[in-house]
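**Q** any chance you could fold what I've pasted below:
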Amino acid sequence: MPSFKIDTSTAVVFVATAPEPKMANKKTGERAMDRETGAALSTVGLLVSDEGEGNLYQVTIPETGYPEGLAPGMPVRVVGLRARDWENEFNGQKRHGISFRAVAITQVA
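**A** Numbers count the residues shown, from 1 in each chain. A predicted model of the protein is given here:
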């Protein structure tokens, strides 16, 4: 599926929730891995405020793409933020949504 680049150049971005390991299988404890690089993936909550509107996004990012010690309230920059729509069926129930992925998150001085 195609993904769409999100321009955050004019946005103010804060960490809402600290990075947590992304799981491929919660029952077995298997970590989600990047298919291209093999890096372990994490999710981080980001509050993105732009043009008078604020949104909370759960963003998937490789563990190598963010500094240690990211904590709620820290101002950050997001590199390579993309959105992709998804749909799946589980137990006869169709689900759909938008997933967010970034290359890196850096702290703002």
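**Q** distance check, Tyr21 against Gly69.
**A** For the record, residue 21 is Pro, not Tyr. 16 Å (C-beta to C-beta, to the nearest Å). For the C-beta atoms, the positions are set from N, CA and C on the backbone; glycine is no exception.
**Q** next: Asp85.
**A** Taken as C-beta to C-beta, the span from Asp85 to Gly69 is 33 Å.
**Q** the more surrounded of those two?
**A** Between Asp85 and Gly69, counting by other C-beta atoms under 10 Å, Asp85 is the more crowded of the two (12 against 9).
**Q** relative to Ala109, how far out is that one?
**A** 35 Å.
**Q** ok, Glu89 next?
**A** 46 Å.
**Q** now do Arg77
**A** 10 Å.
**Q** show me which of the two is the more surrounded one.
**A** Arg77 (14 against 4).
**Q** quick one, strands of the chain?
**A** For the chain, strands defined by DSSP state E occupy the ranges 4-5, 12-21, 23-25, 30-31, 41-50, 53-62, 75-79, 82-90, 93-101, 104-107.
**Q** any buried residues in the second one, and which?
**A** Going back to what we said before, that points to strand 12-21. 13-16, 19 (16 or more other C-beta atoms under 10 Å).
**Q** distance to Ile105 and pLDDT added to these, as CSV?
**A** As requested, these are exported to CSV (distance: C-beta to C-beta, whole Å; pLDDT from 0 to 100):
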residue, distance to Ile105, pLDDT
Val13, 8, 98
Phe14, 11, 97
Val15, 8, 98
Ala16, 12, 98
Pro19, 8, 96
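**Q** of those residues, closest to Gly65?
**A** Of all the buried residues of strand 12-21, the one with the least separation from Gly65 (C-beta to C-beta) is Pro19, at 9.7 Å.
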